[in-house]
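Q: Here you go, sequence then predicted model.
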Amino acid sequence: MRQKGTGLFCLIFPKNVKVRKKSPVPKILILIGVIIMNYKDLADMIFPEAKDISYYEEKYPRRNLKEGAIVTRFAPSPTGFVHIGGLYQSLIAKKLANQTEGVFFLRIEDTDQKREVENGVENIINSLKDFGLEPDEGMISETEEKGKYGPYKQSERKEIYQAYAKYMIAQGKAYPCFCTPEEGEELRKKQEAAKVRPGYYGVWAKCRHLTIEEMAEKIKSGESYIIRFKSPGREDRKIKHKDVIKGNVEFPENDQDIVIIKADGLPTYHFAHAVDDYLMGTTLVIRGDEWLSSVPLHLQLFYELGFKAPKYAHIAPIMKNDNGNKRKLSKRKDEEAAVSYYEEQGIPEEAVKEYLLNIANSTFENWRRANPDKDISEFQLQINKMSVSGALFDMVKLLDVGKTVISKFTAEKVYEEALKWAKRHDEELEKLLENKEYSLKVFGIERGNKKPRKDIAKWSDVKDNIEYMYDELFYSKKQDYPYQTINDKNEIEKILNLYIEKYYDENDDKQVWFDKIKELSGELGYAKEVKEFKENPGKYTAHVGDVSTVLRVALTSRTNTPDMYEIMKILGNKRIEERFRKAIEC
RNA sequence: GGCCCCGUGGUCAAGCGGUUAAGACAUCGCCCUUUCACGGCGGAGACAUGGGUUCGAUUCCCGUCGGGGUCACCA
């Protein structure tokens, strides 16, 4: 604010000599001299332009929602990429709002302009969109918003905060503080030396004890100042609070005269939180548990502001094991902390959400098993069943969820998603997928039955999974043929030639196809059944499985593939022959 | 350091005074008329610790230890 005092006029001719009943300045004093000011005069002097709070009370009526509807929000600062923890919060918030026919809104907390980052808002909005977590209200682009309780960007709510700050000053519940940051620093050192609790409170709160006249005088002379909350709390008293997740907690009362309006005229988090969540009708504040210890302050603020406080749900952060120590997933150190990481890796949005739901409610897993095909929007999340301590992030489990999620997709969906990812991250894969009809066949292998394959956990696995089905890639690489038991060149040649000349017929059904491989094995002196092979040690050098392996390796250059019958069908006679020829040449 | 929260297998977690202490992921073994995957069956693996309270504590209380959070004109 650092504004010049404009109070001289008010000092000499107070606009409001009549004092409201509540004013702590006795009437008699006012009668004695016009110089004597009251809190309201002080408030007028500091925020001459600010509206009366009744204006905002009318502008933002209480929401008319059905009983039990939860109004909640995601309220990030635009300071960089969205953290997985933020996504977790949003997911929970959105589910809860949807389940109760409430409202989920997005509010941008940009009161710290130093930390703000370019495209910060856009980033947040896009990340939410990527995960299907669009808010019902709030910011929808860098500059646009929807909903009747805006602005949803705190930097645009300055006048609202000032109106409430003015109201607090007029009530004698807030005051200007003229201490400089350096003085604050000194104070802390002094307290440290004296081994007392640090902070601006009680006797240490120098400016709290200034008279109104002294305050006015300083403002008038142009001293810069901030606004502090005049806490009525006492540290030796306890407050009890019931957190929706953490349960009963007990804290000492807040007695800190925290800053509510900073030197730049913008509010601090605490004050903005109280004003916004009241005006926006938030019923449940879902936030990280690093805020738990601020609850006494926030409750006090709501009370002194005359607001009904919301409920709080403090969720445990997602942690990471760092050399045996648990620590929060860090934006700086851990790539998996950024939600963009999951998109880059091609982990499906559904998988990330399912994994997060898994952490949120252990009942999710059972629900999923009972309802394998239902959409997660049908799962009823119970916030009070959430874990109180932070879970270690488990990539292996996430990937397992990813496999299951993708295994349920149709070939069409797999194709679309893989292509979408390839367009952003893998040109080579994108080219492979150009032939949609063919690719659909490839993705259709062992898909759609009751026991679908689970070999794709993320879209970045796809290329490695299917490349041998595409000639352009298959032939462009120098292949090794990792034959196993049967690895004699002549034998291999014999098997391949005999198979293609005498046995393979693309019109065979699977049983006939399989029987023919047995026949082939028998003809060349191998055991037709594995069992027979095992029962007669020494009689055979190899069995039908080993013969199959030769075919498989020659065909794909791999020992592990999905169903070979289907692969052969897709490849077709000509390409099989060609691949065999190539294998023999090597 | 003060204040606060938390502590069940490797991980996520049910259980909250009497249980053979669930389940999932990971791991190991077996089975699934050829591999892999899927699936099935089975194995190994846990109540941090010391005191209480109680006929009986994983469950309740206190201490210890361990982990985390918070003590800004940052959110």
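A: Received, thanks. Residues are numbered from 1 along each chain as shown, chains lettered A, B, ... in the order given.
Q: Spatially central, which residue of chain A would that be?
A: residue A:87 (1.2 Å; Cα atoms, centre = their mean).
Q: Report the contact partners of residue A:402.
A: Shown in contact with residue A:402 (Cβ atoms under 8 Å, 6 or more residues apart in numbering): A:347-348, A:351, A:456-458. Where you see a C-beta, it was placed from the backbone N, CA and C, and this is true even at glycine.
Q: Local confidence estimate at it?
A: Per-residue pLDDT puts residue A:402 at 95.
Q: in the one helix or strand it maps to, what's buried?
A: Secondary structure from DSSP states H and E places residue A:402 in helix A:395-407. Across helix A:395-407, burial judged by 16 or more other Cβ atoms under 10 Å covers A:398-399, A:401-407.
Q: of those residues, list those near RNA strand B.
A: Counting by Cβ under 7 Å from any atom of the strand, residue A:403 from the buried residues of helix A:395-407 sit close to RNA strand B.
Q: Let me know the next secondary structure element after the helix holding residue A:402.
A: Using DSSP H and E, the next helix or strand after helix A:395-407 towards the C-terminus is helix A:411-425.
Q: circling back: kindly provide the distance from the residue nearest to the centre of chain A to residue A:283.
A: Using Cβ to Cβ, to the nearest Å, residue A:87 is found at 22 Å from residue A:283.
Q: now swap in residue A:412 and tell me
A: From residue A:412 to residue A:283 the distance is 42 Å (Cβ to Cβ).
Q: So between these two, which is more surrounded?
A: Neighbour count, other Cβ atoms under 10 Å: between residue A:412 and residue A:283, residue A:283 has more, with 20 against 12.
Q: does the more buried one really touch residue A:69, like I thought?
A: Yes: counting by Cβ atoms under 8 Å, residue A:283 touches residue A:69, with 7.5 Å between them.
Q: Buried residues, stretch A:560-576. List them.
A: A:561-562, A:564-569, A:571, A:576.
Q: Of these, which belong to helices?
A: Counting by DSSP state H, those place A:564-569, A:571, A:576 in helices.
Q: Could you list which of these also contact RNA strand B?
A: Filtering these for proximity to RNA strand B by Cβ under 7 Å from any atom of the strand leaves A:564-565.
Q: which one among the ones in helices among the buried residues of stretch A:560-576 gets closest to residue A:312?
A: The closest of these to residue A:312 turns out to be residue A:566 (Cβ to Cβ; 54.9 Å).
Q: Leaving out chain neighbours, which residue sits closest to that closest one?
A: Of all residues not flanking residue A:566 in the chain, residue A:445 sits nearest, at 4.7 Å (Cβ to Cβ, 6 or more residues apart in numbering).
Q: Tell me who's in contact with the one you found.
A: A:453, A:562-563, A:566-567, A:570.
Q: Next, give me the two most distant ones among the residues you listed.
A: A:453 and A:570 (14.7 Å).
Q: isn't residue A:440 right up against residue A:416?
A: No: the pair residue A:440 / residue A:416 is not scored as a contact, 10.2 Å apart, by Cβ under 8 Å.
Q: Without its sequence neighbours, what residue ends up closest to residue A:544?
A: Of all residues not flanking residue A:544 in the chain, residue A:521 sits nearest, at 4.4 Å (Cβ to Cβ, 6+ apart).
Q: Report the mean per-residue pLDDT for the helix or strand encompassing that neighbour.
A: Per DSSP H and E, residue A:521 falls inside helix A:510-523. For helix A:510-523, mean pLDDT is 89.
Q: roughly how far is it from the heart of the chain?
A: The chain centre lies 54 Å from the centre of helix A:510-523; the measure is Cα atoms, centre = their mean, to the nearest Å.
Q: Could you list the low-pLDDT ranges of the stretch 1-150 of chain A?
A: A:1-35 (pLDDT under 70).
Q: which bits of it sit near RNA strand B?
A: For the stretch 1-150 of chain A, the contact set with RNA strand B under Cβ under 7 Å from any atom of the strand comprises A:75-77, A:109, A:111-112, A:115.
Q: Show me which of those residues is closest to residue A:435.
A: Using Cβ to Cβ, the shortest approach to residue A:435 within these belongs to residue A:76, at 42.7 Å.
Q: The helix or strand in which residue A:534 is found packs against which elements?
A: If you go by DSSP H and E, residue A:534 is part of helix A:530-535. Contacting helix A:530-535 under the criterion 3 or more Cβ pairs under 8 Å, 6 or more residues apart in numbering; DSSP states H and E is no other helix or strand.
Q: what's the distance between that helix and the middle of its chain?
A: What separates the centre of helix A:530-535 from the centre of its chain is 55 Å, taken as Cα atoms, centre = their mean.
Q: now stretch A:136-147
A: 18 Å.
Q: do stretch A:321-333 as well
A: 17 Å.
Q: CSV for the residues of the stretch 1-150 of chain A next to RNA strand B, including secondary structure and neighbour count?
A: Shown next, in CSV, are those (DSSP: H, G, I helix; E, B strand; the rest coil; neighbours: other Cβ atoms under 10 Å):
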residue, secondary structure, neighbour count
A:75, coil, 26
A:76, coil, 23
A:77, coil, 18
A:109, coil, 18
A:111, coil, 22
A:112, coil, 17
A:115, coil, 12
